[in-house]
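# from the sequence below, what's the structure:
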Amino acid sequence: MDILTAALAQDIVKRTMQIIAFNVNVMDADGTILASGHPERIGELHAGALLALAKKMTVEIDAAAVKKLHGAQPGINLPLMIDEQVCGAVGLSGPPDQVRQFGELVRLTAEMILEQAKLTGELQRNWRYREAFVLNLLKLEHAPETDLDAWGRRLGIDFGRTQMVFLLELDDHSGGNPLESTEIQRLQMRILARQPASLTAAIGPRDMAILESCDARDGRKTVAAMQQGCAQALMAMMREECRHSFRLTMGISMPGIEGVAISYQSARETARLGQLREPSEQFLSYYDLVLPVLLSGLDSGWQAEQLRRPIATLRAHDKNQEVLGRTLAAWLMHDGHPAATADALHIHRNTLDYRLRRIGELTGLDLGRIEDRLLLYVSSLLDARLKAKP
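Here you go, the predicted model:
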């Protein structure tokens, strides 16, 4: 087995020599010294280890045996076993009567370190396999849909369930501490440890996609209730695990393989718009920004130019510290209710009525017509500087 590396061997030597007063050597399956309390011996063949590996049992080398083995030193040598296979050996230098009592302790410590490394390696390989699957679902990598379906079945993914993608974004600097390059990977491992069924993928050095699913077919809970429960659980976990400020964004919920990519795209657009409209919000949801997200695809071409024209015209004539722009934003925020808008702006109803009439005159729109109101609303959504909320 090749689980025993020079780095792991050095770790074994370092840990064991902190608790015993004898030199420790760690050898690979061929008897070559990988790490030692006497670094000058690294790379040499260890005679006692060769015997222990050949016999698959503990071998003691006393003063008499040293004379028969070239380059040997007194001590005790024990084979290291992982999954009932010999992967190397550990040796303690010193008179056998003095080091014998420590031999089993050192061997058990070494095997525990190797077992942990083996499990960590398996977990990382499984995580990479799952991450590659998610990246393909998000269309950031490409595999045929038939392959993805088979891949999903191997991972126990039911594409008949409703799929939701959450986007986690970490702040580059939080409390003055720079974001470590491995922070996203650390969070992925923590999520996997706490929720083994979760699927995640690193999108960048500070972004991660988290794929969740719920079964809306049994009718016991509404989709909205399941979405809320999933979002609350993820938020609670992230507050416990994240060392930096973060924002979590939920995309649209959809079934099927294609639904995953759409959910991811909606989460990214929701995050982008949310940063403009609600920069301090820690949690964002597509369902709170449905119309702005759906309209965000109309941000280029002649149609976009025409849709932006009412706000552009208003801004060109709104010379008085953008009073009309702020009035329109408040009016849209309060769904066109005059009393609530006037209260929010701390102005009289008559002042509000005058400003609204002026907005209508400048834009050429009749704010009493639903179609003109909709056009003005869409125009405001496409204008990032006017942060009108739905």
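
# any idea of the mean pLDDT in the helix ranked longest in the chain?
When the chain is parsed with DSSP state H, its longest helix is helix 96-137. What helix 96-137 shows for mean pLDDT is 84.

# which residues touch Leu4?
Contacts for Leu4 (Cβ atoms under 8 Å, 6 or more residues apart in numbering) come out as Val26, Asp28, Ala29, Leu34, Leu80, Cys87, Gly88, Leu114. For glycine as for every other residue, the C-beta is placed from the backbone atoms N, C-alpha and C.

# if you set the cut-off to 6 Å instead, what comes out?
Asp28, Cys87, Gly88 (Cβ atoms under 6 Å, 6 or more residues apart in numbering).

# tell me the SS of it?
State at Leu4, reduced to three classes by DSSP: H, G, I helix; E, B strand; the rest coil: coil.

# how are the strands of the stretch 151-300 of the chain distributed by residue range?
162-170, 173-174, 177-178, 199-202, 207-214, 246-250, 254-255, 283-285 (DSSP state E, counting those that start in this stretch).

# show me what the last one is packed up against.
Applying 3 or more Cβ pairs under 6 Å, 6 or more residues apart in numbering; DSSP states H and E, we find strand 283-285 packed against strand 246-250.

# now do the strand it packs on: distance to the chain's middle.
11 Å (Cα atoms, centre = their mean, to the nearest Å).

# paired strands for that strand, with orientation please.
Applying DSSP bridges, strand 246-250 is found paired with strand 162-170 (antiparallel), strand 283-285 (parallel).

# JSON lines for those, including distance to Pro144?
Shown next, in JSON lines, are the strands paired with strand 246-250 (distance: least, Cβ to Cβ, whole Å):
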{"stretch": "strand 162-170", "distance to Pro144": "19"}
{"stretch": "strand 283-285", "distance to Pro144": "32"}
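
# ranking these by burial, who's on top?
Among the strands paired with strand 246-250, the stretch with the highest mean neighbour count (mean count of other Cβ atoms under 10 Å) is strand 162-170, at a mean of 25.

# which residues are in contact with it?
For strand 162-170, using Cβ under 6 Å, 6+ apart, the contacting residues are 179, 206-214, 216, 234, 244, 246-251, 253, 255, 259-260, 263-264, 267, 271.

# who wins for proximity to Ala340 among the strands paired with strand 246-250?
Of all these, it is strand 283-285 that lies closest to Ala340, at 23.4 Å by Cβ to Cβ.

# between the contacts of Leu4, which has the most around it?
Using other Cβ atoms under 10 Å as the neighbour test, the contacts of Leu4 are led by Gly88, with 29 neighbours.

# shouldn't that one be within a strand?
Yes - according to three-state DSSP, Gly88 belongs to a strand.
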